[in-house]
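[1] coordinates for the following, if possible.
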Amino acid sequence: MNERLAAVRTRRALLQERAAHQRDDIARLVQAAMPPVTAAEWGLRALRLIRSKPVLVAGALAAAAILRPGRAARWSIRAWAAWQAWQRIRGGPEGKS
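    The predicted structure follows:
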């Protein structure tokens, strides 16, 4: 009986060690996949914003069409900075991280 118990304990230790290695492998794979997943998440957020605020998007496109390209770029940078500041103030996605 003692030999059998020793064999079970040895087998258990080997299985625990194998499981620890597998967890490490999975963690490395997940870390490698994070940048593409994060980019896809940002794209989905942008699509949700466009769907939820079509008037805002149409206004931005109209302003870009009316203004010259250089001016539109400057205004879009300013608008982006203002939006980020607003998100930080009210504790939005940027401020929650």
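[2] and the longest helix for this protein?
    Secondary structure of the chain read by DSSP state H shows that its longest helix is helix 2-52.
[3] show residues contacting the helix or strand just after that one.
    The helix or strand immediately downstream of helix 2-52 is helix 54-66, counting by DSSP states H and E. Counting by CB atoms under 8 Å, 6 or more residues apart in numbering, the neighbours of helix 54-66 from elsewhere in the structure are L49, I50, A72, W75, S76, A79. No exception for glycine: its C-beta is placed from N, CA and C like everyone else's.
[4] low-confidence ranges in this structure?
    92-97 (pLDDT under 70).
[5] centre-most residue in it?
    Geometric centre of the chain, nearest residue: T38, 3.0 Å, by CA atoms, centre = their mean.
[6] how close does that one sit to A13?
    Using CB to CB, to the nearest Å, we find T38 at a distance of 38 Å from A13.
[7] ok, S76 - how many residues close by?
    14 (other CB atoms under 10 Å).
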